[in-house]
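> for reference, the sequence and a predicted model appear below.
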Amino acid sequence: MPEFDFTGTAIVTGAAGGIGRALVTQLADLGSDVVLVDRDAEGLNSALAELRTSHPRAEFTCYVADLTNRDEVHELGEKLVQNHPGTRLLVNNAGVALSGAFEQYSKDDFDWLLAVNLIAPIDLVRALLPVLRRNRNPHIVNVSSVFGLVAPARNVAYATSKFGIRGFTEALRAELEPDGIGVTCVHPGGIKTNIALGARIGSAMTPPERAAAEKDNIEFDKVLTITAEEAARTIVDGIAHRRRRVLIGASAKIPDIAARLFPSHYHRVVDAVESASGWFSSFTESRDSTSTETAGQVAR
């Protein structure tokens with residue numbers, strides 16, 4: 001499969017901040033016209049102003065959409081198909097986090113997270129796949145997480161969504177790669193975005209549990225060390241070289257190795273390997289879910 005040359009239109013969800021915002025800047029640097037999707041209208045306007053100043057020859061379009069709303073996602077898909085027939089790259093980057101154990105969040109909490117992290121990416125691929133097929137050497141990127149490689153306690157909803165998007169991406173790749181359509185699954189580790197501080201607190205928590213979860217999220221934010229710009233560069237390199245998987249940071253690579261070697265016992269192995277740095281224990285004890293993204297559905 002030939003390398004991706006970044007001409008044409010790229011669509012990025014969760015584009016108002018974090019990895020998404022860094023991605024749109026780097027894609028514009030490489031010559032892409034970029035479509036930004038996010039629920040954060042103010043963040044999109046800020047990103048758009050910066051992009052139009054730094055890249056006066058590129059085309060940028062913004063769409064405000066709430067990915068928890070299936071009707072809005074359907075309408076968004078129709079608009080993207082109609083308005084951007086030159087789309088060659090789709091990056092499903094938007095995602096949300098949910099703090100707490102399984103019994104500490106409600107069905108509505110769980111459904112909210114699945115809608116953004118899993119259902120919306122599937123719906124957008126379904127809508128845009130005919131457009132992608134019509135264009136030269138198209139590519140799809142779905143952002144999973146280190147928690148799409150391993151599934152620690154207190155991350156049931158998040159791991160469900162991230163293993164789900166991983167399975168969707170890998171099966172989709174098996175179907176589309178023979179047709180020349182590249183498909184990449186991205187597994188970020190500890191990316192310094194607003195994922196922790198913007199995490200939703202499980203609605204079934206008691207007030208003391210909520211206070212503890214909010215405090216833990218603040219502590220968890222302190223152990224995220226990889227910048228959004230670094231993460232975006234790794235993703236862009238993976239797209240350019242049509243990589244099937246992209247793991248970002250040792251905080252993703254070490255759990256991946258552990259899960260491969262010890263599929264039934266990786267929790268103990270990962271805890272032992274990471275105890276020296278304290279990264280993974282902080283990650284799980286924070287009662288947070290991780291990946292890459294900010295408060296509502298913003299950027300990874």
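It's in.

> doesn't Leu30 make contact with Val24?
No. Val24 is not in contact with Leu30 according to C-beta atoms under 8 Å; the separation is 10.9 Å. Every residue, glycine included, has its C-beta placed from N, CA and C.

> more neighbours: which of these two?
Higher neighbour count among Val24 and Leu30: Val24, with 30 against 14, using other C-beta atoms under 10 Å.

> what residues are up against that one?
By C-beta atoms under 8 Å, 6 or more residues apart in numbering, the residues touching Val24 are 10, 12, 15, 34, 36, 47, 51, 60.

> got the residues you listed as JSON lines, with neighbour count, pLDDT and distance to Val91 columns?
Shown next, in JSON lines, are these (neighbours: other C-beta atoms under 10 Å; pLDDT from 0 to 100; distance: C-beta to C-beta, whole Å):
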{"residue": "Ala10", "neighbour count": "28", "pLDDT": "98", "distance to Val91": "7"}
{"residue": "Val12", "neighbour count": "27", "pLDDT": "98", "distance to Val91": "5"}
{"residue": "Ala15", "neighbour count": "34", "pLDDT": "97", "distance to Val91": "9"}
{"residue": "Val34", "neighbour count": "26", "pLDDT": "98", "distance to Val91": "10"}
{"residue": "Leu36", "neighbour count": "26", "pLDDT": "98", "distance to Val91": "11"}
{"residue": "Ala47", "neighbour count": "24", "pLDDT": "96", "distance to Val91": "14"}
{"residue": "Leu51", "neighbour count": "22", "pLDDT": "95", "distance to Val91": "15"}
{"residue": "Phe60", "neighbour count": "20", "pLDDT": "97", "distance to Val91": "15"}
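
> determine which two of the residues you listed are furthest apart.
Maximum pairwise distance in the contacts of Val24, criterion C-beta to C-beta, is 13.9 Å, between Ala10 and Ala47.

> tell me how far the closest residue to Gly189 other than its chain neighbours lies from Ala28.
Closest residue to Gly189 apart from its sequence neighbours, by C-beta to C-beta, 6 or more residues apart in numbering: Ser251 at 3.0 Å. Separation of Ser251 from Ala28 (C-beta to C-beta, to the nearest Å): 28 Å.

> Thr184 now?
Note on Thr184: its distance to Ala28, by C-beta to C-beta, is 19 Å.

> before we move on, the earlier item: of the contacts of Val24, just say which sits nearest to Glu175.
Distances from Glu175 to the contacts of Val24, taken by C-beta to C-beta, are shortest for Ala10, at 21.9 Å.

> what sits against the closest one?
Taking C-beta under 8 Å, 6+ apart, one finds 24, 27, 32-35, 87-91 in contact with Ala10.

> if we can go back for a sec, make CSV from the contacts of Val24 and add secondary structure and distance to Ala232 to it.
What follows is those, written out as CSV (DSSP: H, G, I helix; E, B strand; the rest coil; distance: C-beta to C-beta, whole Å):
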residue, secondary structure, distance to Ala232
Ala10, strand, 12
Val12, strand, 10
Ala15, coil, 11
Val34, strand, 12
Leu36, strand, 14
Ala47, helix, 13
Leu51, helix, 14
Phe60, strand, 16
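
> can I get these in a markdown table with distance to Ser145?
Formatted as a markdown table, the contacts of Val24 follow (distance: C-beta to C-beta, whole Å):
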| residue | distance to Ser145 |
| --- | --- |
| Ala10 | 22 |
| Val12 | 17 |
| Ala15 | 18 |
| Val34 | 23 |
| Leu36 | 22 |
| Ala47 | 23 |
| Leu51 | 27 |
| Phe60 | 28 |
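
> now, which of those residues sits nearest Ser144?
Nearest to Ser144 among these, with distances taken as C-beta to C-beta, is Val12, at 16.0 Å.

> how close does that closest one get to Phe147?
22 Å.
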